[in-house]
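> Give the three-dimensional model of this entry:
(one chain, ligands or ions: 1)
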Amino acid sequence: MIELKQVSKTFVSKKSTVKALDNVSIHVKKGEIYGVIGYSGAGKSTLIRCVNMLEKPSEGEIDVNGVSMTKLSTNKLREARQNIGMIFQGFNLLKTATVYENIAIPLKLTGIAKTEIDERVKKYLAVVGLEAKADSFPSQLSGGQKQRVAIARALSHEPDVLLSDEATSALDPETTESILSLLLKINKEFGITILLITHEMHVVQKICDRVAVMENGKVIEEGKVIDIFSKSTTDTTKKFINSLFPEDIPTEVLNSLNEQGPVIRLSFVDHSTGKPALAEVAKKFEVYTNILSGNIVQLKNEPYGRMVIHLQGIQEQTEAAITYLEAEGVHVERVNL
Ligand SMILES: Nc1ncnc2c1ncn2[C@@H]1O[C@H](COP(=O)(O)OP(=O)(O)OP(=O)(O)O)[C@@H](O)[C@H]1O
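Predicted coordinates for the structure are as follows:
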């Protein structure tokens, strides 16, 4: 549905040259929610802005729903953009227009008949749960409500693709949850393909099917969210995942525990793997298992858990326990400093 082929973007000014995108290739499939995560300056905004040609790539090709965006004339590009909705961190609503008008005005500009506009505004305000706010002005709405208006405005053009540029970054945690649920709902109900950029792993965890991790303009890891969680290879990706599993074990405690037996980090997909395997360890081997921290997060399609455990016992037994856990499909990492 969205394909970036070897896309690069270089910003050149008198003072500097910045390669914001460096040979990026990703393929977002029809109907999926695809996340791009990275720290500030990684190139995420440039990437998403290239998809609808708000930014023109220096090299490479971009296809959206079979249309080669990089080759379109200005007129054709305007047409193609109708098929690509976009929502922003700052909502981008017209302050002096009502909620109704914020959705209706852009529709009018595309030449849609008045009755059809009225139908669409009402339909999509209902989808985002804001029928009662049609006559309100943006200043009378909360941040979450403003983002809902922006989502209704994007949907009213009935696009195949929705681009989300840090749409929840300015919202509190509870409102973020409700907007993420809304994005899931519209993805499911309308089959809209969603490409989102974020710096919050929580957003990827909750709603994405696949994810690309960006650093210095490059995609450094890419794949199904569950695979990135369980098999990440780069420090940057690990840091993003670790943000969901705070461990906070003081250095002194860790050092003193390691003297009495290994401290290990277990990760597992599905509840059925981690905890039962640990219970078996306690039965089968002469080791005491002491849980130092643990958390299970719900990914879009499956749960993923992590625990930090201290195994106390003679080395032969603790090593046998680790081998057993690995054989049971639990990923084991030693926690040393
Ligand atoms: N119009 C521009 N002119 C010059 N440099 C730019 C321009 N836009 C972005 N850059 C540079 O390109 C790099 C990538 O920026 P980009 O905004 O795409 O990153 P980002 O991952 O979205 O970060 P943030 O979350 O902070 O916006 C940065 O070094 C930035 O300074």
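> thought Phe11 was touching Val18?
Yes - the criterion here is C-beta atoms under 8 Å, and Phe11 meets it with Val18 at 4.6 Å. For glycine as for every other residue, the C-beta is placed from the backbone atoms N, C-alpha and C.
> what residues are up against the spatially most central residue of the chain?
Within the chain, one residue has its C-alpha closest to the average C-alpha position: by C-alpha atoms, centre = their mean, that is Val204, at 2.9 Å. In this structure, Val204 makes contact with Gly35, Ile37, Thr198, Val211, Val225, Phe240, judged by C-beta atoms under 8 Å, 6 or more residues apart in numbering.
> what about 6 Å?
Counting by C-beta atoms under 6 Å, 6 or more residues apart in numbering, Val204 touches Gly35, Ile37, Val211.
> Of the residues you listed, which is the most crowded?
Of all those, Gly35 has the most neighbours under the rule other C-beta atoms under 10 Å, reaching 28 neighbours.
> Report whether that residue is found in a helix, as I expect.
No - note on Gly35: no helix contains this position according to DSSP: H, G, I helix; E, B strand; the rest coil, which reports strand.
> who's it bridged to?
Note on Gly35: beta-bridge partners by DSSP bridges are Leu196, Val211.
> Can you give me the pLDDT of it?
Among the per-residue scores, Gly35 holds a pLDDT of 98.
> and if you look at Leu337?
Per-residue confidence at Leu337 stands at 58 (pLDDT).
> Tell me the bridge partners for the nearest residue to Phe245 once chain neighbours are set aside.
In space, not counting the residues next to it along the chain, Phe245 is nearest to Arg306; the distance is 4.7 Å by C-beta to C-beta, 6 or more residues apart in numbering. The partner list for Arg306 in beta bridges (DSSP bridges) reads Ser267, Asn295.
> Straight-line length of stretch 161-175, end to end?
This stretch, stretch 161-175, spans 23 Å end to end (C-alpha to C-alpha, to the nearest Å).
> neighbouring contacts of it?
The contact list for stretch 161-175, computed with C-beta under 6 Å, 6+ apart, reads 48, 51, 84-89, 143-144, 154, 176, 179, 192-197.
> and the residue nearest to the centre of the chain, what element?
helix 201-207 (DSSP states H and E).
> circling back to that earlier point, how close does the residue nearest to the centre of the chain sit to Arg265?
Computed as C-beta to C-beta, to the nearest Å, the Val204 to Arg265 distance reads 20 Å.
> again, but for Arg334
As it turns out, when the distance is counted by C-beta to C-beta, Arg334 lies 8 Å from Arg265.
> Repeat that for Leu163.
When distances are taken as C-beta to C-beta, Leu163 and Arg265 turn out to be 36 Å apart.
> Which of these two has more residues huddled nearby?
With other C-beta under 10 Å as the criterion, Leu163 and Arg265 differ in neighbour count, and Leu163 comes out ahead with 25 against 17.
> Within the helices and strands, which one has the closest residue to Glu328 other than its chain neighbours?
For Glu328, ignoring the flanking residues on the chain, the nearest one in space by C-beta to C-beta, 6+ apart is Ala277 at 4.2 Å. With elements taken from DSSP H and E, the one containing Ala277 is helix 271-284.
> which helices and strands does that helix pack with?
With contacts taken as 3 or more C-beta pairs under 6 Å, 6 or more residues apart in numbering; DSSP states H and E, helix 271-284 sits against strand 288-298.
> Output the strand it packs on as PDB - backbone C-alpha positions only.
Coordinates of the C-alpha atoms in strand 288-298 are reproduced here as PDB (Å, rounded to 0.1, in the frame of the first residue of the first chain):
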ATOM      1  CA  TYR A 288      15.600 -20.600  45.000                       C
ATOM      2  CA  THR A 289      14.000 -18.300  42.500                       C
ATOM      3  CA  ASN A 290      13.600 -14.800  43.700                       C
ATOM      4  CA  ILE A 291      11.600 -12.400  41.400                       C
ATOM      5  CA  LEU A 292      13.300  -8.900  41.400                       C
ATOM      6  CA  SER A 293      11.000  -7.300  38.900                       C
ATOM      7  CA  GLY A 294       8.500  -8.300  36.300                       C
ATOM      8  CA  ASN A 295       5.900  -7.000  33.900                       C
ATOM      9  CA  ILE A 296       3.700  -8.400  31.100                       C
ATOM     10  CA  VAL A 297       2.500  -5.900  28.400                       C
ATOM     11  CA  GLN A 298      -0.200  -6.500  26.000                       C
END
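> Can I get the contacts of Val204 in JSON lines including distance to Gly261?
As requested, the contacts of Val204 are arranged in JSON lines below (distance: C-beta to C-beta, whole Å):
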{"residue": "Gly35", "distance to Gly261": "39"}
{"residue": "Ile37", "distance to Gly261": "36"}
{"residue": "Val211", "distance to Gly261": "36"}
